[in-house]
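Peer 1: I need the structure of the sequence given here:
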Amino acid sequence: MSIAACMKKKLFGTDGIRGRVGEPPMTPDFILKLGRAAGEALIETTKNNKIIIGKDTRISGYMFESALEAGLSAAGAETYLLGPMPTPAIAYLTRTLRAAAGIVISASHNPYHDNGIKFFSSEGKKLPPSLEELIEQKLEISQFNAIELYVGKAHRVDDAAGRYIEYCKSTIPGKTRLVGLKLVIDCANGSTYSIAPRVFSELGADVVAICNAPNGININEKCGTTDTTLLAETVIKEKADLGIAIDGDGDRLIMIDDQGNVVDGDELLYVLASGYQEINLLNGGVVGTEMSNLGLERAFSKRDIDFKRTKVGDKYIHELLQKLGWRLGGEPSGHILCLDRATTGDAIVVALQVLSEILRTEKNLCELKDPIKKLPQIIINVPLHLENNILKSQKVQQAVRDAENILSERGRVLLRNSGTEPIVRVMVEGEDSTQVKELADMLATAVKELSQQQLH
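Peer 2: Purely as a prediction, here's the structure:
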């Protein structure tokens, strides 16, 4: 895809702009133009030319950081560089440094060969659609001509990590100490590699840090929230109380209990909501997504906690929470929002809230999540060979109807295009695990065959 074609195509997905490094839109020349366009749009709408940039540990981050800085400077922005920092830290520092916006160079849980650009508003929230549209408009008309009257400068923020660490610790009661807890922290060789172990250590925990030696290409490689095998093994080996898995940019959380079992985002959300309800902090209900397990919905029903679903993506969870005036929401992948603590998903902050609940109740993680009886659920990722509307085809829609008729009221079917990768996610859940697998395989085959036919 050419740069011109890239500009004409809607750039912003559910989580910013993302792609394989070296292919549009993730090329240095395009990111330079994006920096110029974003700088112009942000300064025009906010009357503030202060913009901060942070990144994860991907080797391509250096290249894109320089390109963004150049583009922003050409637009007259004063750029403040944070270096490797978690995505939620950039959201927080955007607010506290009174910046017009924060920009994150990261592809979250994706492999190192991908990268992306995410924006935060001055409030530390995702950009409104109107501002995304303005940036895309500026991309089409912005030109690098003569030097402008004012060209911005770049600055380093040396105390960014310390500021964020203190913020994380402030999200739990001041007297809370983690003394006596042994924690294994998997940093995914990503942006929390230094910060996460420090937060939990400073609160008194005995910390064993793993996957905290980034080299530019090992981010999310057999570690973090997408592969908890090593973390589970280390929890058992170290006889730890629990394990904490964080993704490459620090906004997703998965935990491991003391028996080595995975505790996913649905279960963590239940633990938090139950605790909030008991201490009168819930303030409404909980927002999940189309992927949230039916077992979570049933468990909330037993506690008389309202539960609503929205589209997959933390931006949609945030929008519905804001609309309803609620505080808690999340998805199975580990994106969890505690809007009374942070404006975006924050793995460290959420982990601290879970640990606070463990200390408050004097129960272990396994006991706290036990009331959830999750239904068997299978997700199959089917790669797409071409950009197309496979999910609108009659063949696929008929296959979905057939599966739904078989499950009746005892399960759910969901097919959706990923917002971050060229794949279709096929999800089936129900009470019979054998039946769930058969239906998921049938639907995945239908999608795969149609994708292959469109190649010819």
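
Peer 1: Where does pLDDT dip in the stretch 201-350 of the chain?
Peer 2: By pLDDT under 70, the stretch 201-350 of the chain contains no weakly predicted segment.

Peer 1: what ranges do the strands span in it?
Peer 2: Listed in chain order, the strands of the stretch 201-350 of the chain (DSSP state E, counting those that start in this stretch) span 206-210, 242-246, 253-256, 262-263, 286-289, 307-310, 328-330, 336-338.

Peer 1: Tell me which of those strands sits nearest to Asp29.
Peer 2: Smallest distance to Asp29 across the strands of the stretch 201-350 of the chain (C-beta to C-beta): 32.5 Å, for strand 242-246. All C-beta atoms are positioned from the backbone trio N, CA, C, and that covers glycine.

Peer 1: so what strands line up beside the closest one?
Peer 2: strand 182-186 (parallel), strand 253-256 (antiparallel) (DSSP bridges).

Peer 1: Check these for me and report the most buried one.
Peer 2: strand 253-256 (a mean of 27; mean count of other C-beta atoms under 10 Å).

Peer 1: Could you give the separation of that one from the chain centroid?
Peer 2: 14 Å (C-alpha atoms, centre = their mean, to the nearest Å).

Peer 1: Same question for stretch 72-86.
Peer 2: The answer for stretch 72-86 is 22 Å, by C-alpha atoms, centre = their mean.

Peer 1: Turn the strands paired with strand 242-246 into TSV, including distance to Ala100.
Peer 2: Below are the strands paired with strand 242-246 laid out as TSV (distance: least, C-beta to C-beta, whole Å):
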stretch	distance to Ala100
strand 182-186	33
strand 253-256	29
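
Peer 1: can you tell me which helix in the chain is longest?
Peer 2: helix 433-453 (DSSP state H).

Peer 1: Same question for it: list its buried residues.
Peer 2: Gln435, Val436, Leu439, Ala440, Leu443, Ala444, Ala446, Val447, Lys448, Leu450, Ser451 (16 or more other C-beta atoms under 10 Å).

Peer 1: Restricting to C-alpha, output that helix in PDB.
Peer 2: Extracted C-alpha coordinates of helix 433-453, given in PDB (Å, rounded to 0.1, in the frame of the first residue of the first chain):
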ATOM      1  CA  SER A 433     -16.900 -28.400  25.500                       C
ATOM      2  CA  THR A 434     -16.900 -31.100  22.800                       C
ATOM      3  CA  GLN A 435     -19.700 -29.300  21.000                       C
ATOM      4  CA  VAL A 436     -18.000 -25.900  21.400                       C
ATOM      5  CA  LYS A 437     -14.900 -27.200  19.700                       C
ATOM      6  CA  GLU A 438     -16.800 -28.800  16.800                       C
ATOM      7  CA  LEU A 439     -18.700 -25.600  16.100                       C
ATOM      8  CA  ALA A 440     -15.600 -23.400  16.400                       C
ATOM      9  CA  ASP A 441     -13.700 -25.600  14.000                       C
ATOM     10  CA  MET A 442     -16.700 -25.600  11.600                       C
ATOM     11  CA  LEU A 443     -16.900 -21.800  11.600                       C
ATOM     12  CA  ALA A 444     -13.200 -21.300  11.300                       C
ATOM     13  CA  THR A 445     -13.100 -23.600   8.300                       C
ATOM     14  CA  ALA A 446     -15.900 -21.700   6.600                       C
ATOM     15  CA  VAL A 447     -14.000 -18.400   7.100                       C
ATOM     16  CA  LYS A 448     -10.700 -19.900   5.900                       C
ATOM     17  CA  GLU A 449     -12.100 -21.500   2.800                       C
ATOM     18  CA  LEU A 450     -13.800 -18.300   1.700                       C
ATOM     19  CA  SER A 451     -10.600 -16.300   2.300                       C
ATOM     20  CA  GLN A 452      -8.600 -18.700   0.200                       C
ATOM     21  CA  GLN A 453     -11.300 -18.600  -2.600                       C
END
